[in-house]
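Colleague: Pasting a predicted model and its sequence here:
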Amino acid sequence: MMVNDQIMGSLIEQNPDAMIFADTDGKILVWNEAAQRVFGFTKDEAIGETLDIIIPEKLRVPHWRGYDEAIKNRGTKYLGKSMPTKAIHSEGSTIYVELGFSIVLDDKNEVMGVLSSARDITERFKEERAKREKSK
């Protein structure tokens, strides 16, 4: 069964997690409503920008190294898994997100880009850090 564009669009747009699709150069092409809630950037502000708008400056070099490797190798050890990481909110504050991603292929089996899902875990991260500090 082939999933049509309308169904895929609905699945992405109505997903409770932030869903971001970026091309092989890291340019954002899809940004759902939840991404706006998590990162603060509107769809108009995000689409056409690179992922740098949400990547902390200190993490950009390793991020792009990993991104390029994932594109080249069509995956990484993190595919299908989620991992906690830092991100930037539109207000400039650091947030913590649980991030997962998938490599997206076209009908010729060529890499089109990366579909990422992100969930804000900032409060959970702060609570866990406070517990660790308390137990020292």
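Modeller: In hand now; what should we look at?
Colleague: Longest strand in the protein, please.
Modeller: strand 94-105 (DSSP state E).
Colleague: Which strands and helices lie in contact with it?
Modeller: helix 33-39, helix 60-73, strand 82-88, strand 111-120, helix 122-134 (3 or more Cβ pairs under 8 Å, 6 or more residues apart in numbering; DSSP states H and E). Heads up, the C-betas are built off the backbone N, CA and C, glycines and all.
Colleague: could you dump the ones you listed to TSV with distance to residue 50?
Modeller: What follows is those, written out as TSV (distance: least, Cβ to Cβ, whole Å):
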stretch	distance to residue 50
helix 33-39	14
helix 60-73	9
strand 82-88	13
strand 111-120	12
helix 122-134	23
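Colleague: can you tell which of the ones you listed is closest to residue 104?
Modeller: Nearest to residue 104, of all the helices and strands packed on strand 94-105, is strand 111-120, at 4.7 Å by Cβ to Cβ.
Colleague: May I have the closest one as CSV, with CA atoms only?
Modeller: Extracted in CSV, the C-alpha atoms of strand 111-120 (Å, rounded to 0.1, in the frame of the first residue of the first chain):
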residue,chain,number,x,y,z
VAL,A,111,18.7,10.2,0.3
MET,A,112,16.3,13.2,0.4
GLY,A,113,17.1,14.3,3.9
VAL,A,114,16.3,13.6,7.6
LEU,A,115,13.0,13.5,9.4
SER,A,116,13.5,14.4,13.1
SER,A,117,11.1,14.1,16.0
ALA,A,118,11.7,16.0,19.2
ARG,A,119,10.0,16.2,22.6
ASP,A,120,10.8,18.8,25.2
